[in-house]
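1. all I have is the shape, not the residue letters:
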């Protein structure tokens, strides 16, 4: 498949935004149970603003993928069957929930919702936070399923696709949260770094697992099934057009196999190995964590490029030779 | 239930591209707007087509043969492109099984092309909506045309009658019989899309001759007992010699 930069930025920005919100609310939940010191409303509030900015950036990027963006609202109609439609609904609902979460913290409007028998006070921001957490996972599943539901693209047709979207977004978001905490609440940095290490390691394992799986895939469609002729030697002599077509532009990445072989270790290093090593060093200066986030984000862009480029569409069998 | 479809006879297709140009002409002139071309006279011409004729070489020289292979939307009975469409622009008509795109609803997200294993859909680079074969839905029901002309444009154009059109759910239709009796097959059956369009294979009629058929033999079963067998080339006579 041809990697579209709009979709690469959409999925990576959404992942970072969702991960950041999950990180913030994980901290608030820990603090709620007294495991960590509760931070100021500003910490959670401005963190939500950053998450919203990332999600908004992803939303804007997505419009560049559309031929007729002015009709984008129609995409919410087929949620019964289309994962893309479900994603289109889940994203603004999730953004709205983060907005309410951020406003609740920044304005200090946190009315008590219920007091648990243990005496624990559950206020509005906690309820919104739990709903937001649920929606973050709903959005992750929708984004992953957009790719994982296409049975012809066998590199994507796996639960690993959804799992890796969750883990890589989580890793990106928790590293960003660590950077944010190093600036805004330095005493809490270690908490986010600890989780970032665990999630990045899991994401590394998940991505390696999908690479191994994809390396073992055997194509289901062949020249023989594509045109229905039983013969071991079938060669295309003409695809029916001389100047290429939508089919030659949309489904081929257009880079050399050597480029593909280079980008694979590059993204594995940048997105997983380098962040793991830098986080494990144990010095949590804001500049270092900022660098980790940026390096990993570049790695995730390369990972997403590779994710698309590696998927081999069966229609390519019909578009091999211009002649 | 009706499922309109094409049956393409690869045995008689000569790869002339008449169906391609006829399709383009009809569908670029209709009320749905043109099928856009870019650089039509430049070095790198490209454009939107509903139908393409591709050419394959089967086997290796000198034991090879050429196969011309027209390819358009197969109007799958279980079309994978329809449920993935986020706007409902892609739909399958209940009354005749034609898979269509509503150009006024399509947002040009291209997701349906990812979900089609056959590469049957092409985006119109100027109108920015997805387009595909309509089975000439604006033609086959047009009462102002003579009944003989109420067929898809490609079918009308084919000089060798390699393209047949009809209802594959009607067992007595011409195309159902052709599929049944001439070995019609669907493309990429492994995906379970149940394409409505079928292809008829290349068929060769071969004459098999056995050695004993090359020699004339009277009374080959020898029901009248042994008769003398004169040498080959020597005179022979019915009922008096074995040949």
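-> Cool, the structure landed. Note that the coordinates shown come from a computational prediction; the quantities given were computed from them, not determined experimentally.

2. now the strands for the chain?
-> Looking at chain A here, since you left the chain open. A:112-115, A:121-123, A:234-238 (DSSP state E).

3. hmm, no, I was thinking of chain B.
-> Using DSSP E, strands in chain B cover B:4-9, B:37-38, B:46-47, B:51-60, B:63-72, B:90-92, B:99-101, B:122-123, B:130-131, B:163-167, B:198-200.

4. low-confidence ranges, chain B, go.
-> B:215-225, B:243 (pLDDT under 70).

5. can you count the residues close to whatever residue of it ends up closest to chain A?
-> Relative to chain A, the nearest point of chain B is residue B:108 (2.0 Å; CB to the nearest CB). The way it works is simple: take the backbone N, C-alpha and C, and place the C-beta from them, glycine included. Around residue B:108 there are 20 other residues, counting by other CB atoms under 10 Å in any protein chain shown.

6. now residue B:229. Nearest residue, chain neighbours left out?
-> residue B:242 (4.5 Å; CB to CB, 6 or more residues apart in numbering or on different chains).

7. sorry, that was for residue A:132
-> Residue A:132's closest residue in space is residue A:97 (CB to CB, 6+ apart), at 4.3 Å.

8. residue A:87 contacts residue A:139, correct?
-> Yes - counting by CB atoms under 8 Å, residue A:87 does reach residue A:139; the two are 6.9 Å apart.

9. tell me who's in contact with the residue of chain A found nearest chain B.
-> Proximity to chain B, evaluated over chain A using CB to the nearest CB, is greatest for residue A:67 at 2.0 Å. Residue A:67 sits next to B:106, B:107, B:108, B:109, B:110, B:123, B:127, B:128, B:129 when contact means CB atoms under 8 Å, 6 or more residues apart in numbering or on different chains.

10. try 6 Å this time
-> Listed by CB atoms under 6 Å, 6 or more residues apart in numbering or on different chains, the contact set of residue A:67 reads B:108, B:128.

11. can you give me the helices in the chain?
-> Just so you know, I chose chain A. For chain A, applying DSSP state H gives helices covering A:5-32, A:41-63, A:83-107, A:124-148, A:159-184, A:189-215, A:223-227, A:246-250, A:257-268, A:274-280, A:286-310.

12. try again with chain B
-> Using DSSP H, helices in chain B cover B:18-28, B:81-84, B:111-114, B:137-140, B:153-157, B:174-181.

13. number of nearby residues for residue 138?
-> No chain was given, so I picked chain A. 17.

14. meant chain B, my bad for not saying
-> With other CB under 10 Å as criterion, residue B:138 counts 13.

15. residue A:92 now?
-> 13.

16. nearest residue to it other than its sequence neighbours?
-> residue A:59 (7.7 Å).

17. what's in contact with stretch A:145-153?
-> With CB under 6 Å, 6+ apart as the criterion, stretch A:145-153 contacts A:83, A:84, A:87, A:156, A:157, A:161, A:162, A:311, A:314, B:114, B:115, B:117.

18. rewinding a little: out of the strands of chain B, flag the one nearest residue A:246.
-> strand B:122-123 (4.0 Å; CB to CB).

19. and that closest one, does that touch chain A?
-> Yes - contact of strand B:122-123 with chain A is found when judged by CB under 6 Å from any CB of the partner chain, involving B:122, B:123.

20. could you dump the helices of chain A to JSON lines with mean pLDDT?
-> Output for the helices of chain A, formatted as JSON lines (pLDDT from 0 to 100):
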{"stretch": "helix A:5-32", "mean pLDDT": "97"}
{"stretch": "helix A:41-63", "mean pLDDT": "97"}
{"stretch": "helix A:83-107", "mean pLDDT": "97"}
{"stretch": "helix A:124-148", "mean pLDDT": "97"}
{"stretch": "helix A:159-184", "mean pLDDT": "97"}
{"stretch": "helix A:189-215", "mean pLDDT": "97"}
{"stretch": "helix A:223-227", "mean pLDDT": "96"}
{"stretch": "helix A:246-250", "mean pLDDT": "94"}
{"stretch": "helix A:257-268", "mean pLDDT": "95"}
{"stretch": "helix A:274-280", "mean pLDDT": "96"}
{"stretch": "helix A:286-310", "mean pLDDT": "97"}
